[in-house]
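J.: Build me a model from this:
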Amino acid sequence: MTHRIFVANRGEIAVRIIEACDRLGYSTVLGVSAADKDTLAARRAGRVVTLGGPRPGDSYLNMNAVVQAALSTGCTAVHPGYGFLSERPAFAELCAENGLTFVGPSPEALRA
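T.: From the prediction side, this is the model:
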């Protein structure tokens, strides 16, 4: 089975996740804001999807947009990176409800 990982972050953390996925043989899709379409991370990702406007609330913090983008691009997992959605139990649960693996702690661990 080929794994495709949706990277829901930006900057250096996104670049590091993409590089790790490359080394493991996983393809990547990077979710970006309208302001981040031409970044180093966008150039390194296998594919780029614009999640929304330039403000994080319109893109990186929009849980439904992230999950829909991951599903529509055939991803099997979502890596939230650091910050943004990485510490939100509701996001980990939304991923699971939609058949996506959340790369991070379980919702229970996030709550604790």
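J.: Next SSE downstream of the host helix or strand of residue 32?
T.: Assigned by DSSP states H and E, residue 32 belongs to strand 27-33. Where DSSP H and E defines the elements, the next helix or strand beyond strand 27-33 is helix 40-44.
J.: Show me what that next one is in contact with.
T.: By Cβ atoms under 8 Å, 6 or more residues apart in numbering, the residues outside helix 40-44 that reach it are 7, 10-11, 14-15, 18-19, 30, 32, 36, 48. For every residue, glycine as well, the C-beta is placed using N, CA and C.
J.: which stretches of the chain form strands?
T.: 4-7, 27-33, 47-52, 77-79, 101-102 (DSSP state E).
J.: Which of the ones you listed sits closest to residue 62?
T.: Closest to residue 62 of these, according to Cβ to Cβ: strand 47-52, at 5.7 Å.
J.: low pLDDT regions in the protein?
T.: Scanning the chain for pLDDT under 70 picks out 1.
J.: quick revisit: can you lay out the strands of the chain as TSV showing distance to residue 89 and mean neighbour count?
T.: Shown next, in TSV, are the strands of the chain (distance: least, Cβ to Cβ, whole Å; neighbours: other Cβ atoms under 10 Å):
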stretch	distance to residue 89	mean neighbour count
strand 4-7	19	25
strand 27-33	20	24
strand 47-52	21	18
strand 77-79	14	23
strand 101-102	10	18
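J.: Residue 33 touches residue 61, doesn't it?
T.: No: in this structure, residue 33 is not within contact of residue 61 by Cβ atoms under 8 Å, at 10.0 Å.
J.: The closest residue to residue 83 other than its chain neighbours and residue 100, how far apart?
T.: Nearest non-adjacent residue to residue 83, counting by Cβ to Cβ, 6 or more residues apart in numbering: residue 9, 7.5 Å away. Residue 9 sits 15 Å away from residue 100, taking Cβ to Cβ, to the nearest Å as the criterion.
J.: Please say which of the two ends up with more neighbours.
T.: Per other Cβ atoms under 10 Å, whichever of residue 9 and residue 100 has more neighbours is residue 9, with 25 against 20.
J.: so how far is residue 112 from the more buried one?
T.: From residue 9 over to residue 112 the distance is 23 Å, taken as Cβ to Cβ.
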